[in-house]
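Student: For reference, the sequence and a predicted model appear below.
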Amino acid sequence: MILSPINRREWLGRFGMGFGGLALAEMLSQSAATAESGVLGGFHHPPKAKRVIYLFQSGGPSQLDLYDRKPLLVEKTGEQLPDSVRGGQRLTGMSGNQSSIPLVGSPFAFAQYGESGAWLSELLPHTAKVADRLCFIRTMYTESINHGPGVTFMQSGNQIPGRPSIGAWLDYGLGNEHDDLPSFVVLITKNKSGQPLMSHLWGAGFLPTKHQAVRFRSGADPVLYVNNPPGVSRENRRQLLDGLRELHEHQFAGTPDTEITARIANYEMAFRMQASVPDVTDFSDEPKSVLDMYGPDAKDPGTFAANCVLARRLAERGVRFIQLYHQDWDHHGGLKGGITREAKQTDQPAAALVEDLAQRGMLDDTLVVWGGEFGRTNYCQGLYKPGQDFGRDHHPRCFTIWMAGGGVKPGTTYGETCEYGYNIVKDGVHVHDFHATMLHLLGIDHERLTYKFQGRRYRLTDVHGKVVAGILA
């Protein structure tokens, strides 16, 4: 007897009273729905923010030279860090073997700005102008003391690569508002050095790959491999994708793997982006007054200023999570010149972004975040010589970030560090708390956005995190 071949879809339809076929159909419908609305199908509570623009400052900006004024350090410069203040904290290998740990105050002047009276360094004259729109969190703390785990922790809630990034979690949970652009975009300042930025920082981890970010680059082709090669028309590409989709659907019928549907979704998004990307990256319709507000680099694609303008344009078009990375904040030496340079590149564009969003009526529902992976020490790395430049080592115990818009209380300074700028004395905010609060502002209960992987349900905040009620408007 010759047996006719039978594929998995037919087998599921014939046996088990057809319930297997129903399950397969449900998987297909869920995959299609996920590409648009996300697995949550809505919000856990009314959101304050519709989108996030995260200005990540890679390398660990010195909070003591930008935001957290400590006159006692200036007074005690050159004296040793008291053991009672250090409290046995581990130090990195770069300063842990120093025979001397001399305190060093900031060489920059601080002043109070706005009705809120926020203290800011002279390095941030533009940020000072929008101080009353910002919420400064002085008491962020992390478990990481080195860059790789530190940046990974801030971006994914875990120090080990392989977990989904914040934007991937949002795309998985809430889906995409725009048919022609991804919901998660990454922009990196060009021509920067410092610690490398790896793709796992904006990856999907164990989530389907369609939830990872799309990176926009500077240059003629902002998104790699989206444009058609010479001799291939848009009509030809459409026919090719239609045929490829049929093959993938046939493959899915035999092997119901969500990565197959993710591949289909990625190809379709790439096709639609052929028309949308040139439009969003073309600044020719931006008034000169707007570009001037962002600074002289705004017309140079790939600079931090240009990326801030592009972030606003992406936000206007419904992109949910826009991640900017700016490197070179790792000042183990030459801090005075290094931090002056980075502040000059980022201060005006970041402040302009906040003001631009406010003028367009978008700040109320756009959450803007500025910050790095940890802070810097109150002591000098290496020998301290009066009158000479110096550096600061990594410091995870306390550092400063700021947030604006999106349901955050403006004109607020939250938390308090000790007079040495070394420890938190009031209202600490852990990385998991930061993530929980961000999700809360986006209408998500951080404990209910989960994904089952290898027998366990995972979430961005792991098994920790609490919403920081004190910064909510």
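Tutor: That came in fine, so what should we check first?

Student: For residue 156, see how far away residue 124 is.
Tutor: Going from residue 124 to residue 156 by C-beta to C-beta, to the nearest Å gives 29 Å. From N, CA and C alone the C-beta is placed, and that goes for glycine too.

Student: who's more crowded, those two?
Tutor: Ranked by neighbour count (other C-beta atoms under 10 Å), residue 124 and residue 156 place residue 156 first, with 25 against 22.

Student: show me the contacts for that one.
Tutor: Applying C-beta atoms under 8 Å, 6 or more residues apart in numbering, we find residue 156 in contact with 163, 164, 165, 166, 200, 201, 205, 460.

Student: Could you check how far residue 173 is from residue 328?
Tutor: 33 Å.

Student: coming back round to it: save the contacts of residue 156 as a markdown table, and put in distance to residue 178, secondary structure and neighbour count too.
Tutor: As requested, these are exported to a markdown table (distance: C-beta to C-beta, whole Å; DSSP: H, G, I helix; E, B strand; the rest coil; neighbours: other C-beta atoms under 10 Å):
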| residue | distance to residue 178 | secondary structure | neighbour count |
| --- | --- | --- | --- |
| 163 | 26 | strand | 25 |
| 164 | 21 | coil | 29 |
| 165 | 19 | coil | 29 |
| 166 | 19 | helix | 25 |
| 200 | 25 | helix | 19 |
| 201 | 23 | helix | 22 |
| 205 | 23 | coil | 21 |
| 460 | 23 | coil | 26 |
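
Student: So which of residue 173 and residue 328 has more stuff around it?
Tutor: Applying other C-beta under 10 Å to residue 173 and residue 328 shows that residue 173 carries more neighbours, namely 27 against 19.

Student: Give me the pLDDT for that one.
Tutor: Predicted confidence (pLDDT) for residue 173: 97.

Student: That one looks like it's in a strand, true?
Tutor: No: applying DSSP: H, G, I helix; E, B strand; the rest coil, one finds residue 173 to be helix, outside a strand.

Student: surely it meets residue 444?
Tutor: Yes: between residue 173 and residue 444 there is a contact under C-beta atoms under 8 Å: 6.1 Å.

Student: just to revisit the earlier point, mind picking the two most distant members of the contacts of residue 156?
Tutor: 200 and 460 (14.9 Å; C-beta to C-beta).

Student: so who does residue 345 touch?
Tutor: Counting by C-beta under 8 Å, 6+ apart, residue 345 has contacts 189, 297, 303, 304, 305, 326.

Student: Same check on residue 414?
Tutor: With C-beta under 8 Å, 6+ apart, residue 414 has these contacts: 135, 136, 137, 138, 139, 427, 429, 468, 470, 471.

Student: what do you get for residue 140?
Tutor: 371, 375, 398, 399, 400, 401, 429, 430, 431, 434.

Student: did I read that right, residue 452 in a strand?
Tutor: Yes: assessed by three-state DSSP, residue 452 belongs to a strand.

Student: surely residue 103 meets residue 81?
Tutor: Yes: using C-beta under 8 Å, residue 103 makes contact with residue 81 at a distance of 5.7 Å.

Student: Spell out which residues are contacts of both of the two.
Tutor: Residues touching both residue 103 and residue 81 by C-beta under 8 Å, 6+ apart: 378, 379, 420.

Student: okay, among the contacts of residue 345, which ones form the most distant pair?
Tutor: Spanning the widest gap among the contacts of residue 345 are 297 and 326, at 11.9 Å by C-beta to C-beta.

Student: Quick check: residue 222 vs residue 187, distance?
Tutor: Distance from residue 222 to residue 187, by C-beta to C-beta: 9 Å.

Student: rewinding a little: pick out whichever of residue 103 and residue 81 has more residues nearby.
Tutor: Set residue 103 next to residue 81 and count neighbours by other C-beta under 10 Å: residue 103 wins out with 25 against 18.

Student: for the more buried one, what are its contacts?
Tutor: 73, 76, 77, 78, 79, 80, 81, 378, 379, 380, 420.

Student: For residue 115, give me its contacts.
Tutor: Counting by C-beta under 8 Å, 6+ apart, the residues that residue 115 touches are 132, 411.

Student: Need phi/psi at it.
Tutor: Residue 115 has phi and psi values of phi -70, psi -30 when expressed as degrees, to the nearest 10.

Student: in the stretch 301-450 of the chain, which spans are strands?
Tutor: Applying DSSP state E, counting those that start in this stretch to the stretch 301-450 of the chain gives strands spanning 321-326, 366-371, 375-376, 394-395, 399-404, 412-414, 416-417, 424-426, 429-430.

Student: where in the stretch 101-250 of the chain is pLDDT low?
Tutor: Confidence mapping of the stretch 101-250 of the chain against pLDDT under 70 gives the ranges 220, 224-228, 231-242, 244, 248, 250.

Student: what about 90?
Tutor: Under the criterion pLDDT under 90, the flagged ranges of the stretch 101-250 of the chain are 177-180, 194-195, 209-210, 217-250.

Student: so where do the strands sit in it?
Tutor: Using DSSP E, counting those that start in this stretch, the strands of the stretch 101-250 of the chain run over 110-113, 118-121, 134-141, 184-188, 214-216.

Student: Name every strand pairing with the shortest one and say which way it goes.
Tutor: Read it as strand 214-216. Its sheet considered, strand 214-216 pairs with strand 184-188 (parallel) by DSSP bridges.

Student: mind checking how far the strand it pairs with is from the chain centre?
Tutor: Relative to the chain's own centre, strand 184-188 is displaced by 9 Å; criterion: C-alpha atoms, centre = their mean, to the nearest Å.

Student: Then stretch 433-445?
Tutor: Relative to its parent chain, stretch 433-445 has a centroid offset of 14 Å by C-alpha atoms, centre = their mean.
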